[in-house]
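Colleague: Everything below, folded, please.
(chains A, B, C and D)
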Protein chains: 4
Amino acid sequence: MGKGRLEAFTDGVIAIIITIMVLEIKTPPGDDLAALQSELPIFLAYALSYINVGIFWNNHHHMLHASARVDGKVLWANLFVLFWLSLIPFVIRWMDETGIEPLPTASYGVVLAMASIGYVWLQAALVACNGAGAPLATAVGRDLKGKISLALYILAIPLAFVRPWIAIVLYVANAMTWFVPDRRIESLEKP
Amino acid sequence: MGKGRLEAFTDGVIAIIITIMVLEIKTPPGDDLAALQSELPIFLAYALSYINVGIFWNNHHHMLHASARVDGKVLWANLFVLFWLSLIPFVIRWMDETGIEPLPTASYGVVLAMASIGYVWLQAALVACNGAGAPLATAVGRDLKGKISLALYILAIPLAFVRPWIAIVLYVANAMTWFVPDRRIESLEKP
Amino acid sequence: MGKGRLEAFTDGVIAIIITIMVLEIKTPPGDDLAALQSELPIFLAYALSYINVGIFWNNHHHMLHASARVDGKVLWANLFVLFWLSLIPFVIRWMDETGIEPLPTASYGVVLAMASIGYVWLQAALVACNGAGAPLATAVGRDLKGKISLALYILAIPLAFVRPWIAIVLYVANAMTWFVPDRRIESLEKP
Amino acid sequence: MGKGRLEAFTDGVIAIIITIMVLEIKTPPGDDLAALQSELPIFLAYALSYINVGIFWNNHHHMLHASARVDGKVLWANLFVLFWLSLIPFVIRWMDETGIEPLPTASYGVVLAMASIGYVWLQAALVACNGAGAPLATAVGRDLKGKISLALYILAIPLAFVRPWIAIVLYVANAMTWFVPDRRIESLEKP
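Modeller: This is a model prediction of the structure:
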């Protein structure tokens, strides 16, 4: 089964998620700086989510590039990740409407944690499909970085009920560590 | 006529349907668990529809993979299926606004039944276009599973007027049986 | 310059136009048949527009298939057609909100006429780019059908101010004549 | 790393931006000419933005066509441009709601200036990735046109606070100069 259509479908969903998030931003309630400022928190949440989705897309790009084959399990693991990513605009809208409150902030962590679990599942499905001796398997290795990232998201969920901003700091820190694409996989692509 | 563009177009429409469904979900009317809970039924309807559309996409992926050619009749059969799939977000929104009432629940069944009829038509158009001796024709055979699935959707429509939840059980059961991609076609792809 | 990206971009825009039209349909104002019936006219307008856009996509598919090259002029002619097609959901929404009144009904004709003019321009740009001796040029010929179609749309605009339903009959009749893909071009693809 | 997926993703995002802008246009508040006229300014803003995004897409098309390779830096530069382009519908909606006021009009310039900076960054990343001796590097040269365009957008921002229409004239003039694709790069494609 070719991987081209899986890539094209993923690109389509990611492109739509990234673009409809901007539909969620309410226009400022006036034409002065104060009105613009009141939209700043949600604008930053949008920018953070854009980076998060961009990180996923970049890593997905590298991971599929290092894979030769996909199968039915990979298709479903991929759909699982996309399901959770598609909930990001919904959670941001909720945070926008209620303010930075504990439950909506924790929900953002739940959505990102589920997407991370899906990514780990997708990675495992790709390794299983391509064989333990394939370049992808060697490159991924124990995937310590992915596991730490997932642990941080899970940790952020209860902390959002202590202080929402602690969770937000964890989300931002997590995005920062993933900003660079996976060097283990990228090194495969060098001749 | 190449099948690449048909696949790309279908992927685009499916990607959009799947992603705009989340735009339909209203944000919870507060920031506590009770508010989140009030959104649970529609969230489950979204998840079920996501799985339904995902099933269609997976089977479409397999069926096109086993086809060598497409023609004008295939294009229109495909557009017919996509038309009914694109109504899914609309029907879910209606169920969300009215509650799980008989007519909206039955309408969901009508939309899925019409999409199933379209899928059968698409399959027939592909077999006709690729020839009765082609691998696709052998793999599809009498397509008992597809016909049972369609019969269940048609059965669910009147039952929604007896008790809406009976129809919903049928929708969920139907999705479950289609969860695995069509083994008859998938077996073609094994060497 | 390759034609692949032009096709992919067009497919993306068409997929979105077709799918967001359903976002325009207001849900019925109740859960009974009377409520559903009140949405019937707009539902039929959606179905007609879906067919119109589907016709464009099918013909575009055939025309590009018969072309070997594209250039900058083709890109802009294509963007011009897509611009007018993207206004279709807007005009339908307007007709939905005001009822079948003269000006909105005429506007629908203006949008379709402009898209037809764009299609003629696109065809001419493709013929110019591929050369007058190329298969596309021979197949297109004088394009009588395209010119009659455009004339009917232009005729429908003033008639919408006499009686809106006359314009609507012309729109439906026009769609019917285009339902079959262009046999002149399709015949090229037969060996 | 192949450039095909970068192109496909960009096409998807651009297709969505172009198409959702039309969702931003409010329908006229009646069915007569006066109602239609009241929507004229926002319609023209939509047409201008459509042309702006179309220009970007055309130039992107040419620039990628002249590139042989992409890397991680190119992916992020591209995502940066798309981020700012995706804010265009948001800014237009704001201008639509507040009227042609100084701050919203200046914001439109900020978004276009940031997109231009991103485009310059993307160009530099592509030249760095493909090598200073590659055809792209020679074709781009000092890119005087790109720098003048960026300077005009930056100039328009403070002028929007003097008189909004001065900024709008600059936006339109800027679009006009970019209407034709980059001849330096296009000339590369001639044999």
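Colleague: Break down chain A into its helices, ranges please.
Modeller: A:4-24, A:33-38, A:40-65, A:72-86, A:88-98, A:102-130, A:135-140, A:144-162, A:164-178, A:183-189 (DSSP state H).
Colleague: could you give the angle of the longest one to helix A:72-86?
Modeller: Counting by axes from the mean of the first three to the mean of the last three CA atoms, to 10 degrees, helix A:102-130 lies at 160 degrees to helix A:72-86.
Colleague: which intervals of chain A have sub-threshold pLDDT?
Modeller: Chain A contains residues with pLDDT under 70 at A:1-2, A:141-142, A:178-191.
Colleague: What residue in it comes nearest to chain B?
Modeller: In chain A, no residue comes nearer to chain B than A:Gly12, which is 3.3 Å away by CB to the nearest CB. (C-beta placed from N, C-alpha, C; glycine too.)
Colleague: picking that back up, out of the helices of chain A, nearest to B:Asn130?
Modeller: For B:Asn130, the closest of those is helix A:4-24, at 18.5 Å, according to CB to CB.
Colleague: For the closest one, enumerate the helices and strands it packs against.
Modeller: helix A:40-65, helix A:72-86, helix A:88-98, helix B:4-24, helix D:4-24, helix D:72-86, helix D:88-98 (3 or more CB pairs under 8 Å, 6 or more residues apart in numbering or on different chains; DSSP states H and E).
Colleague: Against chain B - does the first one have any residue that ends up touching it?
Modeller: No - using CB under 8 Å from any CB of the partner chain as the criterion, no contacts between helix A:40-65 and chain B are found, and the smallest distance is 11.7 Å.
Colleague: From the contact counts, what lies against that helix?
Modeller: Against helix A:40-65 (3+ CB pairs under 8 Å, 6+ apart) you get helix A:4-24, helix A:72-86, helix A:88-98, helix A:102-130, helix A:164-178, helix A:183-189, helix D:72-86.
Colleague: rewinding a little: put together a markdown table for the helices and strands packed on helix A:4-24, with distance to B:Lys145 and mean neighbour count on each row.
Modeller: What follows is these, written out as a markdown table (distance: least, CB to CB, whole Å; neighbours: other CB atoms under 10 Å in any protein chain shown):
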| stretch | distance to B:Lys145 | mean neighbour count |
| --- | --- | --- |
| helix A:40-65 | 31 | 19 |
| helix A:72-86 | 16 | 22 |
| helix A:88-98 | 34 | 22 |
| helix B:4-24 | 21 | 23 |
| helix D:4-24 | 33 | 23 |
| helix D:72-86 | 42 | 22 |
| helix D:88-98 | 44 | 22 |
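Colleague: want to try a markdown table for the helices and strands packed on helix A:40-65, with distance to D:Leu112 as columns?
Modeller: Output for the helices and strands packed on helix A:40-65, formatted as a markdown table (distance: least, CB to CB, whole Å):
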| stretch | distance to D:Leu112 |
| --- | --- |
| helix A:4-24 | 15 |
| helix A:72-86 | 28 |
| helix A:88-98 | 24 |
| helix A:102-130 | 31 |
| helix A:164-178 | 27 |
| helix A:183-189 | 33 |
| helix D:72-86 | 8 |
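Colleague: and of those, who's closest to B:Trp165?
Modeller: helix A:72-86 (24.2 Å).
Colleague: neighbouring contacts of that closest one?
Modeller: Contact partners of helix A:72-86, identified using CB atoms under 8 Å, 6 or more residues apart in numbering or on different chains, comprise A:1, A:6, A:10, A:13-14, A:17, A:53, A:56, A:111-112, A:114-115, A:118-119, A:121-122, A:124-126, A:128-129, B:18-19, B:21-22, B:47, B:50, B:54, B:57-58, B:61, B:180-181, B:186.
Colleague: at 7 Å instead, please
Modeller: A:6, A:10, A:13, A:17, A:53, A:56, A:111, A:114-115, A:118-119, A:121-122, A:125-126, A:129, B:18-19, B:22, B:50, B:54, B:58, B:181, B:186 (CB atoms under 7 Å, 6 or more residues apart in numbering or on different chains).
Colleague: the inter-axis angle of it versus helix A:4-24?
Modeller: 10 degrees.
Colleague: angle of helix A:72-86 against helix A:40-65?
Modeller: Relative orientation of helix A:72-86 versus helix A:40-65 (the same axes, to 10 degrees): 170 degrees.
Colleague: For A:Glu97, see how far away the residue in chain A that chain C sits nearest to is.
Modeller: Chain C sits closest to A:Gly12 of chain A, with a gap of 7.6 Å, by CB to the nearest CB. Distance, A:Gly12 to A:Glu97, by CB to CB, to the nearest Å: 28 Å.
Colleague: Check the burial of the residue nearest to A:Ile148 when sequence neighbours are not counted by counting its neighbours.
Modeller: Closest residue to A:Ile148 apart from its sequence neighbours, by CB to CB, 6 or more residues apart in numbering or on different chains: A:Thr177 at 7.9 Å. For A:Thr177, the count of nearby residues is 12 (other CB atoms under 10 Å in any protein chain shown).
Colleague: Nothing else from me, thank you.
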